[in-house]
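Asks: Take this sequence and fold it.
(chains A, B, C, D, E and F, ligands or ions: 6)
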Protein chains: 6
Amino acid sequence: MRLQLMSWPEVETYLQRRTDIIIPIGSTEQHGPTGLLGTDAITAEAIAWKLGEAVGACVGPTLGVGMAHHHLAFAGTVSLRPSTLAAVVADVVASLHRHGFTHMLFVNGHGGNVATVNMAFQEIAAASSFGGGSVPPVCSIVNWWDGNRVKDLARTLYGDQDGSHGTASEISVTWAVHPDQVRRAEFGPAPAARPWTDAADFRRHFPDGRIGSNPGLSDPAHGAALIEAAVADLAERHAGFAARA
Amino acid sequence: MRLQLMSWPEVETYLQRRTDIIIPIGSTEQHGPTGLLGTDAITAEAIAWKLGEAVGACVGPTLGVGMAHHHLAFAGTVSLRPSTLAAVVADVVASLHRHGFTHMLFVNGHGGNVATVNMAFQEIAAASSFGGGSVPPVCSIVNWWDGNRVKDLARTLYGDQDGSHGTASEISVTWAVHPDQVRRAEFGPAPAARPWTDAADFRRHFPDGRIGSNPGLSDPAHGAALIEAAVADLAERHAGFAARA
Amino acid sequence: MRLQLMSWPEVETYLQRRTDIIIPIGSTEQHGPTGLLGTDAITAEAIAWKLGEAVGACVGPTLGVGMAHHHLAFAGTVSLRPSTLAAVVADVVASLHRHGFTHMLFVNGHGGNVATVNMAFQEIAAASSFGGGSVPPVCSIVNWWDGNRVKDLARTLYGDQDGSHGTASEISVTWAVHPDQVRRAEFGPAPAARPWTDAADFRRHFPDGRIGSNPGLSDPAHGAALIEAAVADLAERHAGFAARA
Amino acid sequence: MRLQLMSWPEVETYLQRRTDIIIPIGSTEQHGPTGLLGTDAITAEAIAWKLGEAVGACVGPTLGVGMAHHHLAFAGTVSLRPSTLAAVVADVVASLHRHGFTHMLFVNGHGGNVATVNMAFQEIAAASSFGGGSVPPVCSIVNWWDGNRVKDLARTLYGDQDGSHGTASEISVTWAVHPDQVRRAEFGPAPAARPWTDAADFRRHFPDGRIGSNPGLSDPAHGAALIEAAVADLAERHAGFAARA
Amino acid sequence: MRLQLMSWPEVETYLQRRTDIIIPIGSTEQHGPTGLLGTDAITAEAIAWKLGEAVGACVGPTLGVGMAHHHLAFAGTVSLRPSTLAAVVADVVASLHRHGFTHMLFVNGHGGNVATVNMAFQEIAAASSFGGGSVPPVCSIVNWWDGNRVKDLARTLYGDQDGSHGTASEISVTWAVHPDQVRRAEFGPAPAARPWTDAADFRRHFPDGRIGSNPGLSDPAHGAALIEAAVADLAERHAGFAARA
Amino acid sequence: MRLQLMSWPEVETYLQRRTDIIIPIGSTEQHGPTGLLGTDAITAEAIAWKLGEAVGACVGPTLGVGMAHHHLAFAGTVSLRPSTLAAVVADVVASLHRHGFTHMLFVNGHGGNVATVNMAFQEIAAASSFGGGSVPPVCSIVNWWDGNRVKDLARTLYGDQDGSHGTASEISVTWAVHPDQVRRAEFGPAPAARPWTDAADFRRHFPDGRIGSNPGLSDPAHGAALIEAAVADLAERHAGFAARA
Ligand code: NI
Ligand code: NI
Ligand code: NI
Ligand code: NI
Ligand code: NI
Ligand code: NI
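Replies: Ligands and ions are numbered 1, 2, ... in the order given. This is a model prediction of the structure:
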């Protein structure tokens, strides 16, 4: 049930039954020499849509541009500043809350969004805390790769070559979604994860964009299995989330 | 050529040939009793993608949530505040400009975005005007329905029943894109266009969300023809735009 | 009836009879080699004051500095950033609304203000739309030169040499208001209208500041006639505006 | 020499000789039962214009709406929030600085502007201090009534009945500028000055808007003498200010 | 009674008796060749704590970083922009107001904070004035050195060598608080007070950071006496402040 | 070496040797029926000061008010909004960076600060990433309780009764710092950790403010040992941090 493919009376009917919603949030950023710029949006959206089917929940519009300033030294990356993304999250949440949605689960495709989105949730709640007003909506952000099923599967498939950016896993998922976008190549070892500051610093440490990953191991069939695993992981999370009082 | 389906080296290659980009911008808002909430995003995206093919240009990520506060009294509408949308546009433009894109054509699916997006373009340029810095990118926003071919076709198809919100035209386009989403119904006459203030005022004047439109006339085949007309109209606009010095 | 020349009890009395107000908004920006920097403020103010007399309405303080970043490469231009002007409009509207004014017609002297002022109106209304609060005031911005009487007269007087910046019309109006400020000169043809980005780009395209205009045709007597035409045009607009429910 | 009555080449010529400018800043706020809402703008503008003549300096556009939230419980008051006024001052200063103005003296008609305008000057300078950039312009705000000549004259004319809002002095000045706006009345004693918080609190303490003043003593002839005294006071201040390195 | 050393039930109990609070606000900025960077925070805190004891009032957390951009050309200075400090003050006031505190006296150690803090108080009150809401808290900022006892004592101790930054007085106070931090040195005459713009300009005029002061006269015993004098001065101010209706 | 107890020439000398700095950041918020409101500031400051001694690093001013909106339903809590705290962090970092500090380690006493402070670091770096400017400083935030030594010790001392707010550990640390502030009491079991939204929701779930903790187990001697453990843990972290290129 995708909100963008519903009419307003259909949403009204939905809200009489339940008041939770799933919101895919991704990013548009480099994913190594062969990864798609839209990887994080494509994965979050595909998994959120299937999660919506699995749990019968409405899925809101995909937020396809996230907080990815550190990838800006690679062509094609499109980023919001953290403060801009926080404003976007605040307005999306306020819009949905106005209609009566009370539980908003952001299914996330990009680690770089997490601090900002949590800060945005806190800014929203703070407005109520300062004013003594009504209880704000219950909001949470969850990465699609953080559940045990996905972690186990990725370890089985890629061992220590999954990496943490331009991962073998996420590239497999994009290939499962877009089988016509498979780009195979040979990869040397990628630099291991370490901290960075800005885009120039990131590129200095990770010259082709990958962090610890070997996308040469990716496969569309893996992607399908990872999606299935992610949906199972997230369905559990969703059950607990939707039950929060 | 969709940016989200390109890798960063492919964007780098593209930028050696040309530096223009097309950005679909829509909205997630009520479109009458049967229209899809995603209508303005779906239409803008579909037309922008085909325009990209027609003129060989790269098409950036779709901005699917726009400035639609006045529709918030109808369930499912998701809006940004004008100031938030302006910040989004500023960051998207700055990201692309950093990579060397110089001409950014926003293909728009929602009239409510226009003032804010133009204000955002001016805010970006003002930063340069105040500081005496370098020439900012060339930015423009164009509605897909504003060319002569679309106007003529819509008049032929719907006479004075196209309306100005939840239009017969746009609903036809969404049906051409999503043939499984056709929702037929009978419609009485819709209130004629007139100004409004906020969401409550909008709903008071337009109780089912339509302005002057009769979506009972919509048809998927019309949608296909309207897309073709829009692409032809916009290709002309794009030629002039991309040539601006 | 100028608000700045009224006492607070007089405004209170006015508000018992009617709740509309007219607000002149202009700009302080170059107007070609001989045009006054204050042209857009002078014209808006003079016409708004006469409109106020014509329709019996109160006229608020003139907002004499507008959104004119693109003129900053010419000495003397004073501009607000779009976001600043939007904040000014928001506060002015909120002040007047607090007193009970419900209809605020901005009489505009500068095309560059329009997108920002409309965005500001939307930001104000959005605050209500998001919160579900009370109906915000009815706000509209109208250019003094956009009515048929002015357009016809300008065409009669100047044919295709009125232009779109530093126009023969507006310079005539300033001379009618300030007969001691007539500066006559010979003018070669001015570049035709075309888009621009920032101040440097504007000056590159329009080296002496004019767009398509021949102020050599201006005359104080024209100015007086143009003011009269503008007031007649705007009085019609005002009648419809003040009647909006 | 009023900037709004100059052309851009004339400003360019002026800047070859000297780089100081005077900017009138006032307010639109209640001034007691008979005082004009525009009092602070009218007085600041009239005195700034005469000061400009006296010292040969250019006088910029009048900022006629200031920071007057505490008067909003009286009809007709129009106020900016402090943060909005600070943004206005920042943009005006930046505009003038871009042209080469280096010394900007704000001639002030309203005590409520002072903290905010000084904060704005500090915000402007802080941008340079944080970045290590170039020396920002020299900015200062001076109240027209703060010099010794004005203070002595007001004491002579009104003793302890001048007050601190809706003063006999300022009302005399408005009458000198607008002799057709004299409104005579009998006044009882006004409450003495004391602190306040918001508009409701202000009105509670000062029910007719006056603080300690007796406008029954005002006279147009006083106004003319006060203007002369203020110009003499300010000309001294200006000399020191313009000489600051 | 320091808030940071109280539990929440103890604050609740306090609020049943009285609703005033004292908040120390200082700065972290250069204070000449030997003065401590924390001088303004140390002095404000020490005096506020003793004032709290003297009048039985609760003392909130020290705001130790203030508005000191003009000192940034000296190593170690830490400053907030004015707009940031205004936001801090707004949130601190709102937090305390939510609990029922109605009177908040900021005891200030740094002249550079005054305009911004007053602007912040006005921004807080303006929110109420625009909305017509409830009476905001009574807020005031007072410099510890502005009372007569301190002024007399400083004049007696240092004559005209106290200065206005890195003063002999404030350095004595820091030595009374931190006897292990006495740094004695010989000082030549310091430049007299004069205006400045940014940090570079400040350093140009005041090369070692002092304005008119001779810290060679400072003494820990003076500091103890100055603290006593300041507390006596401020206790008088506090009495009037806490009684404001 | 506390920055606030140094003079500017001493900081200059320090910067010739090394360019790292430690910044304590805490909060002022309820810590259960007996915990001090300043707990998170007191603990962060005490540990940061000792860490500074241990590693020879300069320690900046304590940021004693953090992001604690969810505690605002308990008297005495003082919070910044997330956006305000982000602005504070940005200005503090910019101030220190201007002097040549390149590595800034925030020693944190409050979990609620983490998302916002990380978002602030990203906002700072994004300014560089968008503009292509110089490498921003290396910033990191570390909780004092997150190292293995502290975790082991807390488990040994309190088993599963340490909790996650108003912890037995942190209360012990405050008692080690302020032995005169020991408040002993008997405690029933505290509710286990679970998510919350705003202040009212927090208080609903955690009526006396504790989350899972038993401060009845706290002891000043534990506090001294915990401080020692934290300093050892953080000294390791600091070594890696200061070595980052
Ligand atoms: Ni990714
Ligand atoms: Ni539409
Ligand atoms: Ni004009
Ligand atoms: Ni006044
Ligand atoms: Ni000081
Ligand atoms: Ni704590």
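Asks: So which residues of chain A form strands?
Replies: With strands called from DSSP state E, chain A shows them at A:20-25, A:58-59, A:103-108, A:138-143.
Asks: Among these, which comes closest to C:E186?
Replies: Proximity to C:E186 (CB to CB) singles out strand A:20-25 among the strands of chain A, at 61.9 Å. No exception for glycine: its C-beta is placed from N, CA and C like everyone else's.
Asks: Take the strands of chain A and write them to a markdown table, including distance to D:G38, mean neighbour count and mean pLDDT.
Replies: Shown next, in a markdown table, are the strands of chain A (distance: least, CB to CB, whole Å; neighbours: other CB atoms under 10 Å in any protein chain shown; pLDDT from 0 to 100):
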| stretch | distance to D:G38 | mean neighbour count | mean pLDDT |
| --- | --- | --- | --- |
| strand A:20-25 | 51 | 26 | 98 |
| strand A:58-59 | 55 | 23 | 98 |
| strand A:103-108 | 49 | 26 | 98 |
| strand A:138-143 | 48 | 21 | 98 |
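Asks: want to try CSV for those strands, with distance to E:R237 as columns?
Replies: Putting these into CSV (distance: least, CB to CB, whole Å) gives the following:
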stretch, distance to E:R237
strand A:20-25, 52
strand A:58-59, 59
strand A:103-108, 50
strand A:138-143, 46
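Asks: Which of these sits closest to D:I21?
Replies: The nearest among the strands of chain A, by CB to CB, is strand A:20-25 at 49.3 Å.
Asks: State the distance from the residue nearest to A:N214 when sequence neighbours are not counted to ligand 6.
Replies: Distances taken as CB to CB, 6 or more residues apart in numbering or on different chains put A:Q161 closest to A:N214, at 3.9 Å, once the chain neighbours are dropped. Using CB to the ion, to the nearest Å, A:Q161 is found at 40 Å from ligand 6.
Asks: Then A:T102?
Replies: 29 Å.
Asks: So is the helix of greatest length in chain A next to ligand 1?
Replies: Ranked by residue count, the top helix of chain A under DSSP state H comes out as helix A:220-242. No. Shown here: helix A:220-242 not in contact with ligand 1 (CB under 5 Å from the ion), separated by at least 12.9 Å.
Asks: Tell me which residues are up against that helix.
Replies: Outside helix A:220-242, the residues that touch it by CB atoms under 8 Å, 6 or more residues apart in numbering or on different chains are A:18, A:20, A:22, A:46-47, A:50-51, A:54-55, A:57, A:103, A:105, A:107, A:138, A:140, A:142, A:144-150, A:152-154, A:157, A:168-169, A:171-177, A:179, A:182.
Asks: Show me which residues of chain A sit near ligand 1.
Replies: So far as CB under 5 Å from the ion goes, chain A lies against ligand 1 at A:39-40, A:170.
Asks: got the contact list for whichever residue of chain A sits closest to ligand 5?
Replies: Proximity of chain A to ligand 5 (CB to the ion) peaks at A:F130, 31.9 Å away. Applying CB under 8 Å, 6+ apart, we find A:F130 in contact with E:91, E:94-95, E:98, F:69, F:72, F:79, F:81.
Asks: likewise A:G76?
Replies: A:28, A:30, A:37, B:3, B:6-8, B:10-12, B:99.
Asks: now do A:F121
Replies: A:89, A:93, A:139-141.
Asks: any chance of those in JSON lines, plus distance to F:A242?
Replies: Shown next, in JSON lines, are those (distance: CB to CB, whole Å):
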{"residue": "A:V89", "distance to F:A242": "35"}
{"residue": "A:V93", "distance to F:A242": "39"}
{"residue": "A:C139", "distance to F:A242": "37"}
{"residue": "A:S140", "distance to F:A242": "36"}
{"residue": "A:I141", "distance to F:A242": "32"}
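Asks: Tell me the one of those nearest F:M119?
Replies: A:V89 (11.5 Å).
Asks: Within its local environment, how many residues does the closest residue to the closest one other than its chain neighbours see?
Replies: Among residues not flanking A:V89 along the chain, A:A120 sits closest, at 3.8 Å (CB to CB, 6+ apart). Burial of A:A120, expressed as a neighbour count using other CB atoms under 10 Å in any protein chain shown, amounts to 29.
Asks: What separation is there between the single nearest residue of chain A relative to chain E and F:F202?
Replies: Chain E sits closest to A:F130 of chain A, with a gap of 5.2 Å, by CB to the nearest CB. Using CB to CB, to the nearest Å, we find A:F130 at a distance of 13 Å from F:F202.
Asks: again with A:H70
Replies: For A:H70 relative to F:F202 (CB to CB), the value is 33 Å.
Asks: What residues does A:T167 make contact with?
Replies: Taking CB under 8 Å, 6+ apart as the test, what A:T167 contacts is A:145, A:154, A:158, A:213, A:215.
Asks: Now with 6 Å, please.
Replies: A:S213 (CB atoms under 6 Å, 6 or more residues apart in numbering or on different chains).
Asks: coming back round to it: looking at it, the residue nearest to A:N214 is touching A:G212, isn't it?
Replies: No. Look at A:Q161 against A:G212 with CB atoms under 6 Å: they stay out of range, at 7.7 Å.
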